[in-house]
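>>> Quick one, what's the 3D model for this:
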Amino acid sequence: MTSSFEIRAVTTSAEMEMFLDVPGLVYGNDANWVSPLRSDIAKQFSPNNPFFGYGKLQQFIALDSANKSQAVGRIVAAVNRRLIEREGKNIGLFGFFECISDFAIAQSLLNSACHWLREQGMTVARGPIDLSTHNNCLFLVDGFDSPPMVMMPYNPSYYPEFMEEDGWQKAKDAYAYNVALDKPLPDKFEKGYRIACESGITFRPIRTKGDGFTQDCISLYHLFNKAFSNNWSATPRTEKEFLEEAKSLQTLVDPDVFPIAEDKGKMIGFFMGLPDYNIPLKHVNGKLNWLGIIKFLWYRRQIDRGRVIAICSLPEYRRKMVPLGLIYLGMEGGRKKGKPYKRGELSWVWEDNMPSRKLIEASGGTICKTYRVYEKGL
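As a prediction, this is how the structure comes out:
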């Protein structure tokens, strides 16, 4: 417990460094935590971030009065005008929240974020969402016994307790599903693949090099916008934003677990799997300097699991069994001889997305983690 502290808006480079240091203090003894790359977090606050073309934010840190060189908590309040336009109400966001186990500090950070949002004319606060749901979002509320998969959130178990104690309400839950790879899929998935092929659908792995990769990413971008445009709390990305993120993942893609479905050369679905690079990232301590790169390359050989980020098919192709065909190919790709994967995780899926949940559960997936977004009236 910290007897005396102050909340300060981040305005200097020194305060920014303290902001970035907070997770190391919070998770120092947590064996399951995987530090995100420090440069990736800092990049979110660069003036070059496209977010600043349609939003604004304010960072806050909590300082221990006895040691003002060490921040013991942090939070970001943000206004995303795209989200406001989409939902038709003044929703403000909080994100990047980290705090030591001290409710008074956590409450003061949340209050500071809410006060700033209220000054911007917001009437509802929602989070944790790091500027948009395309970035890190959600608090883990159940399933603290294992490390997070790549690009998935993780937090201490006391965060949800703090939220409830401060009067925040559940807005929506999301689930992560464990998928065993030592058991074959039910026959209907292979049958669905055969039906899709007979109806003229073709399948191939994503291209990972040169112009082929760029062309596939542009097609993925348009398909994402069409298929997921109505997702809750989601906002559209520009093609530039999408391609920038895709290029950062280019060397990490395993084409065997990233099949694409096409109809006469037009992309109409995909199964987006990715090896769990959190396994090597755990050893680089958030920094990909020369030593971090060496460690990453060494420990990537230990990857034995993967994450399914999304399964997508245009609605008009579902009767042609395209989703079943994609799942069949993606899962079989992970089981191929020589592949290291022992299990997979499909994450995350909103609790009310019953079509996707039923499909995942039919393939043998079982809920292994629960996540939550909170809201509070301002």
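>>> Tell me which stretches of this structure form strands.
5-9, 55-64, 67-80, 91-99, 124-127, 139-142, 169-180, 201-205, 259-263, 266-275, 305-313, 343-350, 366-377 (DSSP state E).
>>> name the helices or strands packed onto the first one?
The criterion is 3 or more Cβ pairs under 8 Å, 6 or more residues apart in numbering; DSSP states H and E, and the helices and strands that strand 5-9 contacts are strand 55-64, helix 103-119. From N, CA and C alone the C-beta is placed, and that goes for glycine too.
>>> could those be laid out in a markdown table, adding distance to Leu249?
Listed next are the helices and strands packed on strand 5-9 as a markdown table, based on distance: least, Cβ to Cβ, whole Å:
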| stretch | distance to Leu249 |
| --- | --- |
| strand 55-64 | 24 |
| helix 103-119 | 30 |
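>>> show me where pLDDT drops low in the protein?
Low-confidence segments of the chain, defined by pLDDT under 70: 1-3.
>>> re the thing from before, would you turn the helices and strands packed on strand 5-9 into CSV with distance to Ile91 and mean neighbour count?
Converted to CSV, these look like this (distance: least, Cβ to Cβ, whole Å; neighbours: other Cβ atoms under 10 Å):
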stretch, distance to Ile91, mean neighbour count
strand 55-64, 12, 21
helix 103-119, 9, 19
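>>> For burial, what's the neighbour tally of Gly265?
7 (other Cβ atoms under 10 Å).
>>> Next: Val322.
Using other Cβ under 10 Å, Val322 has 28 neighbouring residues.
>>> wait, doesn't it sit right on Gly269?
Yes: between Val322 and Gly269 there is a contact at 4.7 Å, judged by Cβ atoms under 8 Å.
>>> got any residues that touch both of the two?
Here Val322 and Gly269 have Ala261, Ser313, Leu314 as joint contacts, going by Cβ atoms under 8 Å, 6 or more residues apart in numbering.
>>> List just the nearest of those to Ala227.
Among these, Leu314 lies closest to Ala227 (Cβ to Cβ), at 6.4 Å.
>>> Pro36 versus Ala78, what's the distance?
18 Å (Cβ to Cβ, to the nearest Å).
>>> neighbour count winner among these two?
The neighbour count for Ala78 versus Pro36, taken as other Cβ under 10 Å, is higher for Ala78 (27 against 16).
>>> Surely the more buried one touches Phe94?
Yes: with contact defined as Cβ under 8 Å, Ala78 and Phe94 form a contacting pair (7.4 Å).
>>> What is the end-to-end distance of stretch 178-187?
End-to-end span of stretch 178-187 (Cα to Cα, to the nearest Å): 20 Å.
>>> which residues are contacting it?
308, 327-328, 331-332, 334-335, 341-346, 360, 362-368.
>>> Give the buried subset of those residues as a PyMOL selection command.
Buried residues within the contacts of stretch 178-187, by 16 or more other Cβ atoms under 10 Å, are selected in PyMOL with:
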select buried, resi 308+327+328+331+332+334+341+344+345+346+360+363+364+365+367+368
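>>> coming back round to it: and the strands of the chain as JSON lines, adding distance to Ile41?
Shown next, in JSON lines, are the strands of the chain (distance: least, Cβ to Cβ, whole Å):
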{"stretch": "strand 5-9", "distance to Ile41": "18"}
{"stretch": "strand 55-64", "distance to Ile41": "11"}
{"stretch": "strand 67-80", "distance to Ile41": "10"}
{"stretch": "strand 91-99", "distance to Ile41": "8"}
{"stretch": "strand 124-127", "distance to Ile41": "16"}
{"stretch": "strand 139-142", "distance to Ile41": "17"}
{"stretch": "strand 169-180", "distance to Ile41": "22"}
{"stretch": "strand 201-205", "distance to Ile41": "32"}
{"stretch": "strand 259-263", "distance to Ile41": "31"}
{"stretch": "strand 266-275", "distance to Ile41": "20"}
{"stretch": "strand 305-313", "distance to Ile41": "20"}
{"stretch": "strand 343-350", "distance to Ile41": "20"}
{"stretch": "strand 366-377", "distance to Ile41": "20"}
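>>> Most tightly packed of the ones you listed?
Mean neighbours per residue, mean count of other Cβ atoms under 10 Å, is largest over those for strand 91-99, with a mean of 25.
>>> so who does Leu378 touch?
With Cβ under 8 Å, 6+ apart, Leu378 has these contacts: Gly92, Cys114, Leu117, Arg118, Met122, Thr123, Val124, Ala125.
>>> how about 6 Å then?
Taking Cβ atoms under 6 Å, 6 or more residues apart in numbering, we find Leu378 in contact with Cys114, Arg118, Met122, Thr123, Ala125.
>>> which non-adjacent residue is nearest it?
Arg118 (4.8 Å; Cβ to Cβ, 6 or more residues apart in numbering).
>>> Quick check: the gap between that neighbour and Cys197.
56 Å.
>>> Could you do Ala125 as well?
49 Å.
>>> Save the shared contacts of Val322 and Gly269 as CSV, and put in distance to Glu375 too.
Converted to CSV, these look like this (distance: Cβ to Cβ, whole Å):
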residue, distance to Glu375
Ala261, 36
Ser313, 31
Leu314, 31
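>>> Among the residues you listed, which one lies nearest to Thr235?
Nearest to Thr235 out of the shared contacts of Val322 and Gly269 is Leu314 (Cβ to Cβ; 20.9 Å).
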